[in-house]
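# My questions are about this predicted structure, shown below with the sequence.
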Amino acid sequence: MNHRIVSPSMLSADFGNLERDTKMIDRSQAEWVHIDVMDGVFVPNISFGFPVLKAITSATKKFMDVHLMIVEPEKYVGRFADAGANLVTFHWEATDDVQKCIDLIREKGVKVGVSIKPKTPVSVLEDILPQLDLVLIMSVEPGFGGQSFIEGSTEKVRELKAMIERKGLATLIEIDGGVSRHNARELFDAGCDALVAGSAVFKAADPEAEIVAILNA
Ligand code: DX5
Ligand code: ZN
């Protein structure tokens, strides 16, 4: 069995109690913390940027999994690495220069991730895959928490897993959107290493127990 990781999305946290919610994740069995940065251009919503990332980073020792939903990520990837990201993931659709983004993140000594939207095929990753530490498959249209999982996404995970194995790589697969204890097992079985969960964790009566339930699905 693959090593299983849960990455709770802070987008669903209570921003009035950000330190409390971050410390809760810090105590939990989640290894990563998922940070959704939205610019209102790449996606029809605006979330938060550097000061909030810094506040979260200072309240936990966990691995900072930063998901950039911004246009021209090459302008900002370095600053996110400086602000505490351990992994910087940008969208393949958001830039004309994927290679430059990869190089800028790599220069900072942090991990490199590329994300694809639901309608973007896995095949676009064929040539860049050997340079990536992680691929993030979006299983909802990016922009909002609390949406329903798009069913065909599991098939994309299987296809990506096969591509990674065919090339003999160790690239991790993460999935984001509509993940809960109800589909976690299917997703881990399909080849996911990391599951992002926002509303499933933060809307649960007992978020820490929910993280365990997802890990043990
Ligand atoms: C959506 C974000 C997700 C979001 C997931 O664009 O990338 O990380 O927070 O939320 P849930 O788990 O509620 O679908
Ligand atoms: Zn995300």
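Right, received. Where do you want to start? Residues are numbered from 1 along each chain as shown. Ligands and ions are numbered 1, 2, ... in the order given.
# and the end-to-end length of stretch 116-128?
For stretch 116-128, the first-to-last residue distance is 13 Å (Cα to Cα, to the nearest Å).
# sorry, that was for stretch 5-22
Criterion Cα to Cα; first-to-last residue distance in stretch 5-22 is 17 Å.
# List the buried residues for it?
For stretch 5-22, burial by neighbour count (16 or more other Cβ atoms under 10 Å) applies to 5-13, 18, 21-22. For every residue, glycine as well, the C-beta is placed using N, CA and C.
# Do it and ligand 2 come into contact?
No - Stretch 5-22 stays clear of ligand 2 (Cβ under 5 Å from the ion), getting no nearer than 5.6 Å.
# now swap in stretch 197-213 and tell me
No - in terms of Cβ under 5 Å from the ion, no part of stretch 197-213 sits within range of ligand 2; the closest distance is 7.6 Å.
# re the thing from before, sort out for me which of the buried residues of stretch 5-22 are in strands.
Among the buried residues of stretch 5-22, the members found in strands (DSSP state E) are 5-8.
# Of those residues, just say which sits nearest to ligand 2.
residue 7 (8.5 Å; Cβ to the ion).
# Next up, the contacts around the closest one.
By Cβ atoms under 8 Å, 6 or more residues apart in numbering, the contact set of residue 7 is 30-34, 65, 174, 194-197.
# Now the phi/psi pair for the residue of the chain found nearest ligand 2, please.
When distances are taken as Cβ to the ion, the chain reaches nearest to ligand 2 at residue 67, 3.8 Å away. Backbone geometry at residue 67, expressed as degrees, to the nearest 10, gives phi -110, psi 110.
# ok, now residue 64?
Main-chain torsions, residue 64, degrees, to the nearest 10: phi -90, psi 110.
# what does residue 114 give?
The phi/psi pair for residue 114 (degrees, to the nearest 10) is phi -120, psi 140.
# just for the chain, where's the confidence low?
Low-confidence segments of the chain (pLDDT under 70): 1.
# For it, which segments count as helices?
For the chain, the helices defined by DSSP state H cover 18-27, 50-58, 77-82, 98-107, 153-166, 184-190, 199-202, 207-215.
# Residue 122 is nearest to which of the ones you listed?
helix 153-166 (4.8 Å; Cβ to Cβ).
# got the CA coordinates for that closest one in CSV?
Taking C-alpha atoms only, helix 153-166 is exported to CSV below (Å, rounded to 0.1, in the frame of the first residue of the first chain):
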residue,chain,number,x,y,z
SER,A,153,-11.3,12.2,-12.2
THR,A,154,-10.5,8.7,-10.8
GLU,A,155,-9.8,7.5,-14.3
LYS,A,156,-7.4,10.4,-14.8
VAL,A,157,-5.5,9.3,-11.7
ARG,A,158,-5.2,5.7,-13.0
GLU,A,159,-4.0,7.0,-16.3
LEU,A,160,-1.4,9.2,-14.6
LYS,A,161,-0.3,6.4,-12.3
ALA,A,162,0.3,4.2,-15.4
MET,A,163,2.3,7.0,-17.1
ILE,A,164,4.5,7.4,-14.0
GLU,A,165,5.1,3.7,-13.7
ARG,A,166,5.8,3.4,-17.5
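# which parts of it are buried?
153-154, 156-157, 159-161, 163-164.
# out of the residues you listed, which one sits closest to ligand 1?
residue 153 (11.6 Å; Cβ to the nearest ligand atom).
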